[in-house]
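**Student:** Provided below are the primary sequence and the corresponding predicted coordinates.
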Amino acid sequence: MSDVLKGKRLAIIGAGAMGSALMRGLLQSGAMTADQIIAADIDEGRLSGAAMLGVATTKDNKWAVAQSDIVLLCVKPQVMDEVLADIAPATEPYRHCVISIAAGVPIAQIERQLPDGTPVVRVMPNTPAQVLAGASAIALGKHASEPHRQIAHAIFRAVGLVVDVPEKLLDAVTALSGSGPAYVFVFAEALADAGVNLGLPRDIALKLAAQTLLGAAKMLLETGKHPGELKDMVTSPGGTTIAALQVLERCAFRGAVIDAVAAAHQRAKELAKGSA
């Protein structure tokens with residue numbers, strides 16, 4: 001069990017895909033035990049799934065917050081105001097740490113609707129957290145301090161990598177790693193289609209494509225080498241790889257990826273502005 005989380009209770013408001021992933025990660029990693037977690041949701045099916053993990057469940061957000069020290073808001077941005085209004089009376093600034101994963105909802109907006117002085121941490125995770133291979137970026141609000149940062153790190157480390165960024169960079173994180181899995185899925189699908197085009201059975205082509213992406217990412221993370229250096233290790237003079245890379249360069253592959261992330265970043269800023 002994490003020392004930072006020892007003796008603390010966590011209320012997860014919203015037991016959907018990400019809330020459930022965090023529950024499973026915390027339990028599987030041993031960062032928390034089932035009796036430390038309360039899952040709150042209005043959906044019976046989601047609560048049933050949470051109950052199967054051994055955690056307490058409730059439809060009463062306010063009650064869940066009152067029983068806890070850490071509040072993790074895993075709700076859609078469009079219902080955030082309603083949820084904050086619900087839990088505000090039960091939130092105690094010098095007791096609770098409130099963590100939000102709602103995309104596009106600024107820390108200041110959350111702080112305004114909770115009692116003055118409430119520590120708020122905003123996190124941008126991504127969907128691979130569901131398989132404990134996520135990437136999460138953490139930003140602190142004006143009342144959050146080092147202990148609150150450590151709490152957020154301990155929770156999100158259970159489902160993957162964690163980095164610290166100022167809030168102004170969270171839209172960039174959303175565009176890169178938040179939306180990033182979709183870009184990779186498109187690339188994996190294209191790789192598999194290419195294999196099928198060359199005669200490979202669909203299931204084998206897809207397995208090879210997925211494992212290739214997994215292995216390449218693992219090499220990048222574990223060797224610490226620049227991706228260009230790793231690319232050069234695969235690229236023999238006059239070989240197959242350089243022939244393929246020439247086509248990618250001719251089709252402006254790098255530029256397309258950069259433009260795609262820039263478009264996602266612009267949209268993230270627009271959505272954030274709309275919810276402010």
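**Tutor:** Cool, the structure landed. Numbers count the residues shown, from 1 in each chain.
**Student:** C-alpha only now, for contacts and for neighbours.
**Tutor:** OK.
**Student:** where's the closest residue to Ala51 other than its chain neighbours relative to Ile42, distance?
**Tutor:** In this structure, Ala51 finds its nearest non-sequential neighbour in Thr57, 6.4 Å apart by Cα to Cα, 6 or more residues apart in numbering. From Thr57 across to Ile42, the span is 10 Å (Cα to Cα, to the nearest Å).
**Student:** More neighbours: the two, which one.
**Tutor:** Taking neighbours as other Cα atoms under 10 Å, Thr57 and Ile42 compare with Thr57 leading, 22 against 14.
**Student:** Using the three-state scheme, assign Pro237.
**Tutor:** Put simply, Pro237 is coil when judged by DSSP: H, G, I helix; E, B strand; the rest coil.
**Student:** That one and Gln246: what is the separation?
**Tutor:** Counting by Cα to Cα, the gap from Pro237 to Gln246 is 12 Å.
**Student:** now swap in His148 and tell me
**Tutor:** From His148 over to Gln246 (counting by Cα to Cα), the distance is 48 Å.
**Student:** Check the burial of Gln28 by counting its neighbours.
**Tutor:** By the measure other Cα under 10 Å, the count of residues near Gln28 is 14.
**Student:** What pLDDT is listed against it?
**Tutor:** pLDDT recorded at Gln28 is 90.
**Student:** Can you name the next helix or strand after the helix or strand containing it?
**Tutor:** Assigned by DSSP states H and E, Gln28 belongs to helix 17-29. Tracing the chain C-terminally past helix 17-29 and defining elements by DSSP H and E, one meets strand 37-40 next.
**Student:** Do me a favour and average the pLDDT over that following strand.
**Tutor:** Across strand 37-40, the average pLDDT comes to 97.
**Student:** Now tell me what touches it from outside.
**Tutor:** By Cα atoms under 8 Å, 6 or more residues apart in numbering, the residues outside strand 37-40 that reach it are 9-15, 23, 47, 50, 55-61, 64.
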